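Asker: From the sequence below, what's the structure:
(one chain, ligands or ions: 2)
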Amino acid sequence: MRRRGIAILGSTGSIGTTALRVLARHSDRFTVAALTAFENAALLEEQAAFYKPSFVGVVRNGSVHPANWREGEACLVEAVRRDDVDIVINAIVGAAGLEATLAALAAGKRVALANKETLVVAGELVTAACRQGGGEIVPVDSEHSAILQCIAGRTSADIKRLVLTASGGPFRDWPADRIASATVKDALNHPTWRMGRKISIDSATLANKALEVIEAHFLFGLPYEKIEVVVHPQSVVHSMVEFVDGSVLAQMGVPSMELPVLYALTHPDRVADSAMPAFDPVALSPLTFERVRTEDFPALQLGIEAGRAGGAAAAVFNAANEEAVALFLAGRTTMGDIPRAISLALTKLAGAPGGALDALLAADQEARRLVRATFA
Ligand code: NAD
Ligand code: MG
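Answerer: Numbering: from 1, shown residues only. Ligands and ions are numbered 1, 2, ... in the order given. Here you go, the predicted structure:
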């Protein structure tokens, strides 16, 4: 069996390093063909020395790196188009991952997609690129991996609804006024997952769950009325699918991204992996579920409404959120400013034209400018 070539975009991040760990255990099936990172050249060099990819790219210009590396944003598209790359793990954070996803799908590759922002900014274009280019998107996000595993080949006509689980984040039981003035340290202190900084903040505001509802809408082709969110603090049930006959299937596991990463590479097959964390239902008990406190986490509803509105609204939601999160992480705004920034951007820009990529990127830029001008 020919080993399948893997490109990891964002190999130095939380998902990227998880993917490399998984790939090291499955070198009989997969080979690491390309690695890219934004600026952490030291870690990228270590990874390149160990995995020996044929292509290495670093996005930020001017970093000190070996002469045979590619430099600059164009390295991302170059990496995914290579003949020795069969599967692209897109583990970039933010809208910056969009162009590479489109290029990979247009080239007929499988995209193991962690970069959910790609589908939020341009869901229609990405799904069209997938159809036209003959590529496929397999989700890495644990909720969507769970849903894919539960659906197991059934058509959307068999599905009554999807139930996405949310841990509730570090502020699940905090009152709204305390959330609004929480520190960066409080917000990064996620109860069940260790992740990159941006998604950790998104999990604290529940903007992450809004991104995931939009992601599910495009991945599974279901209307927003059929996608619900429930809080499940233990993060053991990764999501559920209710079928038309009333049967509900859930996928479970300890909170670890290793399985969703591996499954995105092997889907629809399953591959033995004895290093996966063991599942002990008694140790993981009790498993509980709660309604979302939507009024105290306004980013969730704002995002879902942006998804329903269509056009450029979801791109505006995403860009405003990215910008507000960056300002918060830099200590320049409060936690409460994040939903305020999203709300302001949507009020002013939700009606911006969508459709072509240029229009979506223009709306994205405009939302970022507005948030910086108002909150920085
Ligand atoms: P991270 O910040 O740990 O890593 C991000 C990676 O992307 C790094 O390798 C960085 O070099 C690269 N990168 C950042 N900006 C870039 C740019 N402008 N151009 C090119 N590369 C860039 O983030 P993460 O937690 O690994 O998350 C990555 C993606 O996966 C996000 O979309 C996130 O929502 C999603 N995701 C993460 C988890 C998790 O457990 N960490 C779970 C589900 C989904
Ligand atoms: Mg998720």
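Asker: ok, now which ones touch the residue in the chain positioned nearest to ligand 2?
Answerer: Using CB to the ion, the single residue of the chain nearest to ligand 2 is Asp141, 4.2 Å away. The C-beta positions use only the backbone N, C-alpha and C, and glycine is treated the same way. With CB atoms under 8 Å, 6 or more residues apart in numbering as the criterion, the residues that contact Asp141 are 113-114, 116, 212, 215, 260.
Asker: Please identify the residues of the stretch 201-350 of the chain in proximity to ligand 1?
Answerer: Taking CB under 6 Å from any ligand atom as the test, the list of the stretch 201-350 of the chain residues beside ligand 1 reads Met257.
Asker: Would you map the strands across this structure?
Answerer: Under the criterion DSSP state E, the chain carries strands at the ranges 4-9, 30-37, 55-58, 70-71, 87-90, 110-113, 136-139, 159-166, 227-231, 237-243, 248-252.
Asker: Would you convert those strands into TSV that also reports distance to Pro298?
Answerer: Below are these laid out as TSV (distance: least, CB to CB, whole Å):
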stretch	distance to Pro298
strand 4-9	32
strand 30-37	34
strand 55-58	38
strand 70-71	41
strand 87-90	29
strand 110-113	27
strand 136-139	26
strand 159-166	15
strand 227-231	14
strand 237-243	23
strand 248-252	28
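Asker: Let me have those strands in a markdown table, extended by distance to Ile338, mean pLDDT and mean neighbour count.
Answerer: As requested, these are arranged in a markdown table below (distance: least, CB to CB, whole Å; pLDDT from 0 to 100; neighbours: other CB atoms under 10 Å):
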| stretch | distance to Ile338 | mean pLDDT | mean neighbour count |
| --- | --- | --- | --- |
| strand 4-9 | 26 | 98 | 27 |
| strand 30-37 | 26 | 98 | 25 |
| strand 55-58 | 30 | 98 | 24 |
| strand 70-71 | 33 | 96 | 16 |
| strand 87-90 | 24 | 99 | 27 |
| strand 110-113 | 24 | 98 | 28 |
| strand 136-139 | 25 | 98 | 22 |
| strand 159-166 | 17 | 98 | 20 |
| strand 227-231 | 18 | 98 | 19 |
| strand 237-243 | 25 | 98 | 22 |
| strand 248-252 | 30 | 98 | 16 |
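Asker: Look up phi and psi at the closest residue to Thr31 other than its chain neighbours.
Answerer: When the adjacent residues along the chain are set aside, Thr31 lies closest to Arg3, with 4.6 Å between them (CB to CB, 6 or more residues apart in numbering). Per-residue torsions, Arg3: phi -70, psi 140 (degrees, to the nearest 10).
Asker: is it true that Arg3 touches Val32?
Answerer: No: in this structure Arg3 lies outside contact range of Val32 using CB atoms under 8 Å: 10.0 Å.
Asker: for this protein, longest helix please?
Answerer: Taking DSSP state H as the assignment, the helix of the chain that covers the most residues is helix 357-375.
Asker: just checking, what packs against it?
Answerer: Based on contacts counted as 3 or more CB pairs under 8 Å, 6 or more residues apart in numbering; DSSP states H and E, the elements that helix 357-375 packs against are helix 117-133, helix 313-329, helix 337-349.
Asker: Since that was my last question, I'll sign off now.
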